[in-house]
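[1] Structure of the sequence below:
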Amino acid sequence: MAEAPSLDTIPTKHLKIVFKKYVDKSMASSSKSTGNDVKPLAGTCTSVGTLLEQCVGKKYKEANDSIVFKKYTDKTKGSQTFGKLKADTFCMKDFWLELEAVKIAAEKKVKKPALDDAKVVEGAKQTMTKVASFHSVDLTAAKKPTTGGTAGAVTDRLTDTKRYTGSHKERFDESGKGRGTVGRKDAPGGSGYVGNYKGAGTYGRGSNAADKSESSKPSTVGGHPTGKKPETGNSTTGKGRGTVGKTDTTKTTGQAGANRRSGSYDKK
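    Residues are numbered from 1 along each chain as shown. Sure, this is the predicted structure:
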């Protein structure tokens, strides 16, 4: 591996270019501003952390967020850069030495090493060189993050129509394209079937059609339809007997109504 250059030889202009790409350059205007003032460039903890994470990894972002950023931010109250990290401070070698020392202590769970420690100096050199190399990278062409917990992953999950259920699922086709009004409203079909019935037009079809036709015939008892004996509603030919078969008319024969041998007493 080629030896990393000295911290003093790393071009700070490259670091500033990278810094400008990630931080928010819009600063609140001072009440005394004439409109021609050049606003100082300074970054928030979030923007600097994003820079470090995407250039050199998440461990450097954690080191920045926990200790380093607060230590090197502008503490001049009333200034436009108060509570932020200036671009010039970002390019200082002490910032990178502190960042490397905190990262090593957190990674190995040991006491923070001195800033002049050989491992700290070597690590800081490599980190500054790698970040400076991003000065020519077009960040607008960067791939949308897809790691767990990021905004990109959450958006992908919430917009995946294959995960939808219930009425939401009906609004999109298999390709994910919206179905329009068809997917939102149940148009009345006038078929007489309920909305979710899937067997419309299948009644009487299939292998048991003959059984169904037989079962539709009325059962018989003694050669007559069940419950319809000749002496009641139907005659022996099956023809309806009208009122005679439905109503018992009152007669003055002196015989009980159900007696079918009226007038046969003493007759042989």
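[2] alpha carbons only for contacts and neighbour counts from here, please
    Will do.
[3] Just the element for Thr127, please.
    Using DSSP states H and E, Thr127 maps to helix 118-132.
[4] Not counting that helix itself, show me its contacts.
    Residues outside helix 118-132 that contact it (CA atoms under 8 Å, 6 or more residues apart in numbering): 4-7, 10-12, 14-15, 18, 52, 55-56, 96-97, 99-101, 104, 113-115.
[5] Of the residues you listed, keep whichever come out buried.
    With burial judged by 16 or more other CA atoms under 10 Å, the buried subset of the contacts of helix 118-132 is 4, 7, 10, 12, 14-15, 18, 52, 55, 96-97, 99-101, 104, 113, 115.
[6] So which of those residues sit within strands?
    Using DSSP state E, no member of the buried ones among the contacts of helix 118-132 sits in strands.
[7] List the residues that contact the closest residue to Pro113 other than its chain neighbours.
    Nearest residue to Pro113 in three dimensions, chain neighbours excluded: Ala101, at 5.8 Å (CA to CA, 6 or more residues apart in numbering). Applying CA under 8 Å, 6+ apart to Ala101 gives the contacts Lys112, Pro113, Ala114, Leu115, Val120.
[8] repeat that for 7 Å
    By CA atoms under 7 Å, 6 or more residues apart in numbering, the residues touching Ala101 are Lys112, Pro113, Leu115, Val120.
[9] what's the answer for Tyr22, then?
    Tyr22 sits in contact with Ser47, Leu51, where contact means CA under 7 Å, 6+ apart.
[10] For the stretch 151-268 of the chain, give me the ranges with low pLDDT.
    151-152, 189, 195, 206-238, 247-268 (pLDDT under 70).
[11] Strands along that one, start to end?
    220-221, 224-225 (DSSP state E, counting those that start in this stretch).
[12] circling back: tell me which of the contacts of Ala101 fall in helices.
    Val120 (DSSP state H).
[13] Dump the contacts of Ala101 into a markdown table; add pLDDT and distance to His135 as well.
    What follows is the contacts of Ala101, written out as a markdown table (pLDDT from 0 to 100; distance: CA to CA, whole Å):
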| residue | pLDDT | distance to His135 |
| --- | --- | --- |
| Lys112 | 93 | 30 |
| Pro113 | 93 | 30 |
| Leu115 | 92 | 26 |
| Val120 | 93 | 24 |
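[14] wait, which of the contacts of Ala101 is closest to Lys84?
    Leu115 (22.8 Å; CA to CA).
[15] quick one: the nearest residue to that closest one once chain neighbours are set aside from Val121, how far?
    The shortest distance from Leu115 to any non-neighbouring residue, by CA to CA, 6+ apart, is to Leu97 (5.7 Å). Relative to Val121, Leu97 is positioned 6 Å away (CA to CA, to the nearest Å).
[16] Please apply the same query to Pro188.
    76 Å.
[17] For the two, work out which one has more neighbours and name it.
    Val121 (22 against 9; other CA atoms under 10 Å).
[18] if I look at the more buried one, how far off is Gln80?
    Taken as CA to CA, the span from Val121 to Gln80 is 32 Å.
[19] surely Gly183 meets Glu170?
    Yes. Under the contact definition of CA atoms under 7 Å, Gly183 touches Glu170, with a separation of 5.3 Å.
[20] wouldn't the residue nearest to Leu115 be in contact with Asp116 here?
    No. Checked against CA under 7 Å, the pair Leu97 and Asp116 is beyond contact range at 8.1 Å.
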